[in-house]
Structures are given as C-alpha cells and as structure tokens.
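J.: Attaching a predicted model along with its sequence, questions to come.
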Amino acid sequence: MTTREKLAELADNLWWSWNPEATDLFRHLNPSAFQATRNSPRSALAFADDAVLENAEFEATVNAVYDRFTDYMRPASGARDIPRVAYICMEFGLHESLPFYSGGLGILAGDHVKAASDFGVPLTAVGLLLRDGYFRQYFDRKAWQRAEYPGLDITRAPISPVLDENANPITVAVPLGSTLLHLRAWRLNVGRCALYLLDADFDANGFEQRFLTRRLYSGNSHTRISQEIILGIGGIRMLRRLGVETDIVHLNEGHCAFAALELLREQLALGHDRTTAEHAVRDRVVFTTHTPVKAGHDRFDADLLLSRLDAFRSEVGLSPEDLLGYGRANPYDVTEPFTMTILGLKLAGRSNGVSKLNGQIARAQWHHLHPHVSVDTVPITHVTNGVHLGTWTAEPARRFFEERLGALASTTEYWSRIREIPAADLWELRCGLRADLIRFVEDRLRRQSLPQQVDLSPHALTLGFARRFATYKRAPLFFHDLDRAARIIRNTDRPVQLIFAGKAHPSDDAGKEFIQMIFQFTQDPIFAGRVVLLENYDMEIGRMLVSGADVWLNNPRRPYEASGTSGQKVAAHGGLNLSILDGWWPEGFDGTNGWAIGHDSSASYMEPYVQDQQDSQFLYAALEEDVIPEFYRRDTAGIPQDWVARMKNAMGVLPAQFSARRMVADYVAQIYSAAEVLT
C-alpha cells in the first residue's frame, strides 16, 4: 500500500481520534486545512502537501502508526464470550468534526462505543445522520445566543454509504402516519465497532420528510416523534436488513424506546401471544435512563402518537388503548400523555441510572410504576458513567505518563503509581497544561463574533466551567454575590480566573439569558479579562478545558445532575473538582482529592432561591478558605506541596474508577450478561 492509501484507511476509522500520533499525521499534512475543518483528517488528506507525503521520515512514521492500527483491529481475545449488543442512541459525541451530539448524553455514547471497541465487546451502534448537527453557536451584538446550521460535507466525513451487492443503497421503510418513510444507512467505523447512521435525505422521500434526520433536537413535537420512530423502529429494521445479529438491545435514554415496540411486533408476527412476546422482548432489552429532570423525558399527546403510529399499530394488531398503555403509568388514564421513558422501563428486562445517586433518584421518580414494592426494590439499578481516557487525555499529559508509567491504561494499578512521581514533575505538568489552555483561549477569543478583554495569566489559579447551559446547572452561581465574587477575582496577590463555555438549547430562553449574563460579566470592569466566555462549545474546547483547568467547577441544583462526566476528565491532568455532591461526585469524593460545595444536606430539595443562596455561600467559603490558600501556599522551591498531594490523591484513583473501560466492563457483567441471552 502507498502512504496515501494507508492514510486514507486511517482517516476512515475513528481510531485516530483517540490516538494522538495518528491525529498528528493529518495535522502535519496540511495544518491550515486541518484546523479550518474542525480537525478533519479527510480534509487534511484531500489538501495534503505533496512534499510532506514524499518525505521519507514522514512515510516511516505513517508505517509505524498504520502497523499499530492493524494490530489493534485484530479481534479481541474473549470477545466471543460477550453478548452481541445493539446500542441505540439519538446522539453520539465522537469528535468535533462530526457534530452528531449536543451534550453529555452524546459524549457518553461516543465514549461507550470507543471503550466497547477497546474492551472487545461485539457492539453495533445505531444513530441518525445529522447532517446539520446540533447547531453552531454565535452571539449577536446583545450577546444573545444565535444558531446556524452549516451542513456537514459528507465527502469530507469518515462515513460511507451501506450498499448491496449491486452497489445500490440498502434501505428500509418505516410507517410514519399514513405514509412510508424510506431510510438508508451510512457506516462510521469506530475502532472495531460500527456505527450505522440512518438517513432520510434522499429522493425516495418527499421534500419535507427529507429533513427529518438532519437536525438534532430541533423542530416541534411532530418532528421529534418522527425522529424517534425513525431511530427506534427504523434502527431495528436496518439492523435486520444488514444481517447484524444481536443478543442484547441497549436503549440509551427514552428517545430510542420505540425500538422495543418493533421488537414486540417481531415477536407477535411469529405468532406469540402478547404475554409471551413481552417476555421475549424483556429478555433482550436493557434501558438506561439519564435525566431526573421531569422536562427531560419526552412526552407525546395521545392523538399525535396514534396518528404517527397508525399504520404501525394496525400492523402489530394493538388497540389504541393497548398501544398507549405501554407509555402510561396508568394505562386507563386517558389524560396521561405517552412517555418514552415509561415505554423503555416497561419493556426492558434490566434498567439502570448512570450514577449511584441517579439510580436512587430514578427509583423514587418511577416508584409509581411499581406501587406494590418499596422504593429501594424498584427494578432500576445503576452503572456509573465513565470517560474514555484515550479520547480525553491531552497529548502532553499522555506523553508524560508514557515516559514514566508506560502506555496509557485505565487500570487501578497504572494510576496508583502516580504517587511515585516527584511533586515537582507533576506540578510542571500542571503548569504546562494551564499555559497551553491560556494560549488556546486567547487564540479562540481573537476569532469570536464579539470582542472580550483578555487578561489571563498562565500562573493564576484557573477555574473551568463548560457544559450545556441548562438552568439547573446554574452557570452564574459564582456571581450570586457580586461583591464577594469581585474580591475573589480581583485579588492581586492570589489571582483567580474563570473560563466559561457552553450552549443553551435553541428553545431555552432562560439558558440563553444565563449565557448573556456571563458575557456581560466579561465586559464588566470588575471582572473583564479574568472572566471569559468561549463561543461555540464543542469537543475540542472541552478537551482543552478539562486538561488545562486547575479546578473544575460544577454547581448544579442537586439532585438534577445525572452523572456529570466532564468532571471525571480533569483528574487525568491533575485537575481537581470543586463540585456539589451530585451525580458521580458523591462516589468519587473522599475529602482528600478535591472539594465539595456544601454537603449531603443539600439533598433536602429546598426552594430554588434558598438553595441557590446557600450553595453560593458554600462555594465562596470553599474557594476562600480552602482552594485558593492551598493553591498559593508554596515551599521554597515554589511547589504547592499540599495541592500536589491532593492532585496525587485524585490522579491515583479517579481516572481508573471513572473510566469508560470500567463502565463497559460493568455493563457486560451486571447488565448485558444479566439479561437472558437469546440464541
């Protein structure tokens, strides 16, 4: 194979996205084209500098990376003993050049697939080909979030159409109301795993129908339910059409729960009665619920659901009341909407939340589905989320670990050896990552739609806050008491700087107001320069912030944070969490590896204003009394020994405990293999 052919094969597998030596090859081919296309390898290869391709040293590097890739792609030992899994999700966060995600759900799904590939799980994923993605964020003159949808250039994406033996697209049809919607699939290789993306945007469908798979979480309820029918029913039908055999169907959140109805239809078509058919579906379906926020669960009006599924219902042979009953807590309550999470919970044999606390909240939230058992015995368990360390560990940190500990790994044994590294070396790493972040932020701010003053220091205590701007995440909590916030930020002896990034849903005006508020603080003379807001939050910004921030700030209104995986990514870089005891942090925090904002009594769920007031005071106290003094307390060599000791306590435990490899191993042992595997 030629060098170009090897690079083309590498570019067509997302393996490069968690192997920096592969990513560097494409960056080297054409740095400007690579950056301009959100770090797209195919684009860099299309505009490759011939002088680079013909360089003997570069060719040798390509050969070495390609050999590593081919070694990785060999079947994993033991994979035959693991159930074959179909993993269905509305969004997948795999890389910033593929905008198929909006936030934590998608990032979690992307990490799950990558870890399944590493672990050798025979997993096939299904999603939508979201050509317009979520949205690109920019700010108008009043700092109001605006959205634009630049379409994905399919020719520059590492995806390919799925074709039959005659080179024609493989298609399936899904009943949508009184018409049939035709779907084709595109394949995206994620290491050893395949992700199939369903696409309605071709000439077999009417003009309006073609747009149904283009945008994520946009449009009205008619669009939303149509997308979920496509994902669930269409996803199962496409897997059948492709001949993909599965033992377990993993429904990741309620958006894809219609897949369970399609599995039910298949069982009924075999001649089974409903009870037998339901048992067969439950034997192979697992369901993960994420959000404890009521508004986060999709609910549809009965008339809308029946109109969209009219032909499907007739095919299955269910009465309107029977169909609606699968999505209602009380099947006989004609006023109750159809809830996708209830559908998933009713037809899954195993259900789980995504942290220990989230599992507890889910059991209480859905107790009314099981009124004759205690809350503790509601059949919803938990598997705590984890992060894919290969994706989220910054290249400088990765080199640092490889020089001292060997190839990056997710094991407890590997990370426990961090304690052997001299404090001065770890502090040098931390300072270098912070400096890299400051340079990145300064460059991004120069290119944003609205100017911001920049007075960031590579030596100042740096707090990071980056996530969806849902109101329960309380992005502006730090500014609850402006005088106290100002004293913290403007302290010249112990300076503090705060970097924000995040998007609000296009329909969430309250979230947009939070963004506008943060931007106004960047213009306030008191905070200007020390508080900045990055535009168009994506995975690249996320990687830089979790690697460069000294402290990761997370202050949701407990108990609404299902997991909060962003905070799990900082420990691999020596970053420390300052967080409400919500989501994953109650499992990770031990008093020596970060800080808690408040304590468990914040679970008493007081009035929001009162809770915000109390939590802001806890936040200020933690910063003033613990975080800031410890960061600036140095020995004669300039090393903050107590701070580095806390870094070691975090780094020695958290990356392994909250890795996606551990998460997938838990799913295999506790969820997938616990379900009855059908042969």
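T.: Alright, I've got the coordinates. Bear in mind that the values here come from a model prediction, so they are computed numbers and not experimental data.
J.: What residues of the strand or helix carrying Asp67 count as buried?
T.: Remark: Asp67 resides in helix 56-73, with elements defined by DSSP states H and E. The neighbour-count check on helix 56-73 (16 or more other C-beta atoms under 10 Å) flags Phe58, Thr61, Val62, Val65, Tyr66, Phe69 as buried. Heads up, the C-betas are built off the backbone N, CA and C, glycines and all.
J.: what's the average pLDDT for it?
T.: For helix 56-73, the mean pLDDT works out to 97.
J.: Then stretch 120-135?
T.: 96.
J.: quick one: it to chain centroid distance?
T.: How far stretch 120-135 lies from its chain's middle: 12 Å, per C-alpha atoms, centre = their mean, to the nearest Å.
J.: now stretch 401-411
T.: 24 Å.
J.: Any figure for the gap between the closest residue to Asp247 other than its chain neighbours and Val383?
T.: Nearest residue to Asp247 in three dimensions, chain neighbours excluded: Pro83, at 4.0 Å (C-beta to C-beta, 6 or more residues apart in numbering). As for Pro83, its distance to Val383 is 15 Å (criterion: C-beta to C-beta, to the nearest Å).
J.: Then Glu395?
T.: In this view, Glu395 and Val383 are 29 Å apart by C-beta to C-beta.
J.: More neighbours: which of the two?
T.: Val383 (24 against 14; other C-beta atoms under 10 Å).
J.: for that one, what are its contacts?
T.: Contact partners of Val383, counting by C-beta atoms under 8 Å, 6 or more residues apart in numbering, are Thr288, Asn352, Val354, Met663, Asp666, Tyr667, Gln670, Ile671.
J.: Could I get the phi/psi values of it?
T.: phi -130, psi 110 (degrees, to the nearest 10).
J.: and what of Leu343?
T.: Torsion angles, degrees, to the nearest 10, at Leu343: phi -60, psi -50.
J.: and it, what is it in contact with?
T.: Leu343 neighbours (C-beta under 8 Å, 6+ apart): Gly254, Ala257, Phe258, Ala260, Leu261, Tyr326, Gly327.
J.: any chance of those in CSV, with neighbour count and secondary structure too?
T.: Shown next, in CSV, are the contacts of Leu343 (neighbours: other C-beta atoms under 10 Å; DSSP: H, G, I helix; E, B strand; the rest coil):
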residue, neighbour count, secondary structure
Gly254, 27, helix
Ala257, 29, coil
Phe258, 29, helix
Ala260, 27, helix
Leu261, 24, helix
Tyr326, 20, coil
Gly327, 28, coil
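J.: wait, which of the residues you listed is closest to Gly296?
T.: Distance ranking of the contacts of Leu343 against Gly296, using C-beta to C-beta, places Gly254 first at 8.9 Å.
J.: Centre of the chain to the strand ranked longest in the chain, how far?
T.: Scanning the chain for the strand with the most residues, using DSSP state E, yields strand 179-190. On the basis of C-alpha atoms, centre = their mean, strand 179-190 sits 22 Å off its chain's mean C-alpha point.
J.: What strands line up against the helix or strand just after it, and which way round?
T.: Following strand 179-190 in sequence order, the next helix or strand is strand 193-199 (DSSP H and E). Strand pairing for strand 193-199, determined by DSSP bridges: strand 123-128 (parallel), strand 179-190 (antiparallel).
J.: Can you tell me which of those is packed in deepest?
T.: Comparing the strands paired with strand 193-199 by mean neighbour count (mean count of other C-beta atoms under 10 Å), strand 123-128 comes out on top with a mean of 27.
J.: Next SSE downstream of that strand?
T.: strand 136-139.
J.: Contacts for the following helix or strand past that following strand, please.
T.: On the C-terminal side of strand 136-139, the closest following helix or strand by DSSP H and E is strand 145-148. Here strand 145-148 makes contact (C-beta under 8 Å, 6+ apart) with Phe135, Arg136, Gln137, Tyr138, Phe139, Asp140, Lys503, Ala504, Pro506, Lys512, Ile515, Gln516.
J.: 6 Å - rerun?
T.: Identification of contacts with strand 145-148 by C-beta atoms under 6 Å, 6 or more residues apart in numbering yields Phe135, Arg136, Gln137, Tyr138, Asp140, Ala504, Pro506, Lys512, Ile515.
J.: how near is Leu450 to Phe139?
T.: Distance from Leu450 to Phe139, by C-beta to C-beta: 5 Å.
J.: swap that for Phe100, please
T.: 24 Å.
J.: do Ile159 as well
T.: From Ile159 to Phe139 the distance is 31 Å (C-beta to C-beta).
J.: Between these two, tell me which one has more neighbours.
T.: Per other C-beta under 10 Å, whichever of Ile159 and Phe139 has more neighbours is Ile159, with 22 against 19.
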